[in-house]
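**Student:** Pasted the sequence and its predicted model underneath.
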Amino acid sequence: MRKAIILSALVCLGALFVSCGEEERPLPKPKGYFRIDLPAKDYVKVDTLQRYAFETPSYAFITNDPLSPHEKNWVTVQMPKFKASVHLTHKDVRGNLSEYLEDVHTMLTKHLQKANGMSDSLIVIPEHRVYGMMIEMEGKGVATPLQFYLTDSTRNFVRGALYFNFVPNNDSMQPVIDYLRQDIDRMVETFEWK
């Protein structure tokens, strides 16, 4: 009996020494991102421009391009909740369509240096005479993840680009980019020339 008591005391004492190792150091939490609340979809028509009209999200507002005040059809769709904006520039075609398409190509080439990939899709809305292309750039540091151009091929050409007002980390911003892509798609689908 005495051996059993001594043996169980040694086992308890051994377990106590084994369990009393070094204190565990706390592990740092992985880097996280703020939760982003996305508003419900609601759109209003922008019909105040001379050459075109479209629908924009109700949480956005339109401003004139401060760098080109003489260009009345160059506007910015401001989305302050997301610190984002869509810059729209309009040009009269007057036989210069190939030049404007080359400008789009040049701008895309500048952004491709930071992109991991690019995808594009044609825009064809014959009932509104709207034709163009949507270009999506993939990559962590791409300055403009979405760009597009629209034309009626004879008189009007509009180029649009989504920008964020901070250094982009598009991997973490992907839910917002996807959300804004829906709004830009709506702008394009409702686009009309005047």
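**Tutor:** All right, it came through fine.

**Student:** burial count for Leu146?
**Tutor:** The tally of other residues near Leu146 (other Cβ atoms under 10 Å) stands at 19. C-betas here are computed from N, CA, C, even on glycine.

**Student:** Quick check: buried residues in the helix or strand where Thr56 lies?
**Tutor:** Taking DSSP states H and E as the criterion, the element that holds Thr56 is strand 52-57. Within strand 52-57, the residues scored as buried using 16 or more other Cβ atoms under 10 Å are 52, 54-57.

**Student:** Report the mean confidence score over it.
**Tutor:** Averaging pLDDT along strand 52-57 yields 96.

**Student:** How about stretch 110-119?
**Tutor:** pLDDT averaged over stretch 110-119 gives 79.

**Student:** For that stretch, what is the distance to the chain centroid?
**Tutor:** 14 Å (Cα atoms, centre = their mean, to the nearest Å).

**Student:** which parts of it are buried?
**Tutor:** 111, 115.

**Student:** and what of stretch 178-188?
**Tutor:** Counting neighbours by 16+ other Cβ under 10 Å, stretch 178-188 gives 179-180, 183-184, 186-188 as buried.

**Student:** so where does the nearest residue to Lys114 once chain neighbours are set aside fall, helix or strand?
**Tutor:** When the adjacent residues along the chain are set aside, Lys114 lies closest to Gly141, with 4.6 Å between them (Cβ to Cβ, 6 or more residues apart in numbering). Gly141 belongs to no helix or strand when assigned by DSSP H and E.
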